[in-house]
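A.B. asks: Return a 3D structure for these sequence lines:
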Amino acid sequence: MKIDVGFNAGSLDELQLRDKNVIVVDVLRSSTTITTALYNGAREIIPVASIESAVKISGSLFGEVTLRGGERNGKTIEGFNLGNSPREYSDATVRGKSIIFCSTNGSVTLHKSRYARNLAVGSFVNLSAVVEFIRLLKQDILFLCAGKSNGITNFSLEDVVCVGMILTQMKNATLPDLELSDAAQASVAMHKTFGRSILKMMKNSEHGRYLTEIGFGDDLKICADVDSIPVLPTQQGTVIRLKREAVHSIELDVAPTTKNALT
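C.D. replies: From the prediction side, this is the model:
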């Protein structure tokens, strides 16, 4: 089983991701928020690459069952129902709703990966669910870190440490021999260095410091809570839903309103 890691999505295009098995990791905060929303009863997440796309798609869906969520530079987008804090996506707010999701890095990465053979969303909060998904899949995997779009390297420490922790658990699971790329080996080394205290690592990371500065410091504790949400968001058709054990194909039926909006 070959394992590779992309430290940011900006260096890849959608054709390079076609037919690959992709795990998208955006710890702060899209992966955590999407996992939280689905665990709390959201029907589906519709990731989009731009605010304009979010507005266009929401105009084609039923308003009473559709929410717009996401952020630009960490802050709620004007006119959206929700931001990108997992604390906003409570059962009372999201149960039964379709959520059009637009974030600076996470949703862009998910949208870019939409032609993957299998696509799952990973984070610290559902780490063991990711490991189990890979164990059952038994195929080559590309971890794709969302990174950040406002830096020279587009590198996010928390995403890479999360991938390293997943790989460390994979090495301890009943998996076939793993062939780790240089990037994958570097991720394992990063976890070994920074994995003793996930929360401390996040607080010291660039984006963690920024979120604290703009009032979202409490989100870091939620995002650092390993295995607190034992579910796996996966792409099913054109949307992100929870993986169901009874489903044997990722191509599930999608409500006509949603399918028409995305095609």
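
A.B. asks: Any idea what residue 23 is bridged to?
C.D. replies: residue 120, residue 143 (DSSP bridges).

A.B. asks: Just the pLDDT at it, thanks.
C.D. replies: As predicted, residue 23 sits at a pLDDT of 98.

A.B. asks: Same question for residue 57.
C.D. replies: pLDDT at residue 57 comes out at 86.

A.B. asks: Beyond the one helix or strand it maps to, next helix or strand please.
C.D. replies: Per DSSP states H and E: residue 57 is located in helix 51-58. Using DSSP H and E, the helix or strand that directly follows helix 51-58 along the chain is strand 66-72.

A.B. asks: Which residues does that next one contact?
C.D. replies: If you take Cβ atoms under 8 Å, 6 or more residues apart in numbering as the criterion, strand 66-72 is touched by 33, 37, 51, 54-55, 58, 76-77, 79-84, 88-89, 93-94, 97-104, 107. In this view, the C-beta of every residue, glycine as well, is placed from N, C-alpha and C.

A.B. asks: try 7 Å this time
C.D. replies: The contact list for strand 66-72 (Cβ atoms under 7 Å, 6 or more residues apart in numbering) reads 54, 58, 77, 80-84, 94, 97-104, 107.

A.B. asks: buried residues in that strand?
C.D. replies: 66, 67, 68, 69, 70, 71 (16 or more other Cβ atoms under 10 Å).

A.B. asks: And for stretch 172-190?
C.D. replies: In stretch 172-190, counting by 16+ other Cβ under 10 Å, buried: 180, 183, 184, 186, 187, 188, 190.

A.B. asks: Rebuild the residues you listed as TSV, extending it with pLDDT and secondary structure.
C.D. replies: Compiled in TSV, the buried residues of stretch 172-190 are given as follows (pLDDT from 0 to 100; DSSP: H, G, I helix; E, B strand; the rest coil):
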residue	pLDDT	secondary structure
180	96	strand
183	97	helix
184	98	helix
186	98	helix
187	98	helix
188	97	helix
190	97	helix
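
A.B. asks: and which of those is nearest to residue 18?
C.D. replies: Taking Cβ to Cβ as the measure, residue 18 sits nearest to residue 183 out of the buried residues of stretch 172-190, at 19.8 Å.

A.B. asks: Give me the nearest residue to the closest one, chain neighbours excluded.
C.D. replies: Sequence neighbours aside, residue 5 is the residue nearest to residue 183 in space, at 4.0 Å (criterion: Cβ to Cβ, 6 or more residues apart in numbering).

A.B. asks: From the contacts of strand 66-72, keep the buried residues only.
C.D. replies: Buried, going by 16+ other Cβ under 10 Å: 54, 58, 77, 80-84, 94, 97-104, 107, out of the contacts of strand 66-72.

A.B. asks: out of those, which are inside strands?
C.D. replies: If you go by DSSP state E, the buried ones among the contacts of strand 66-72 have 98, 99, 100, 101, 102 in strands.

A.B. asks: between the residues you listed, which is closest to residue 46?
C.D. replies: residue 100 (4.8 Å).

A.B. asks: quick one, what contacts the closest one?
C.D. replies: Contacts for residue 100 (Cβ under 7 Å, 6+ apart) come out as 46, 48, 54, 57, 58, 66, 68.

A.B. asks: Can you tell me the centre-most residue of the protein?
C.D. replies: Here the mean C-alpha position of the chain is nearest to the C-alpha of residue 31 (Cα atoms, centre = their mean), at a distance of 3.0 Å.

A.B. asks: Pull the contacting residues for that one.
C.D. replies: 24, 25, 106, 121, 122, 123.

A.B. asks: what are the ranges of the helices in the stretch 101-250 of the chain?
C.D. replies: With DSSP state H, counting those that start in this stretch as the criterion, the stretch 101-250 of the chain has helices at 106-112, 127-137, 157-172, 182-194, 198-204, 206-213, 217-223.

A.B. asks: do you know which of those lies nearest residue 240?
C.D. replies: helix 106-112 (7.0 Å).
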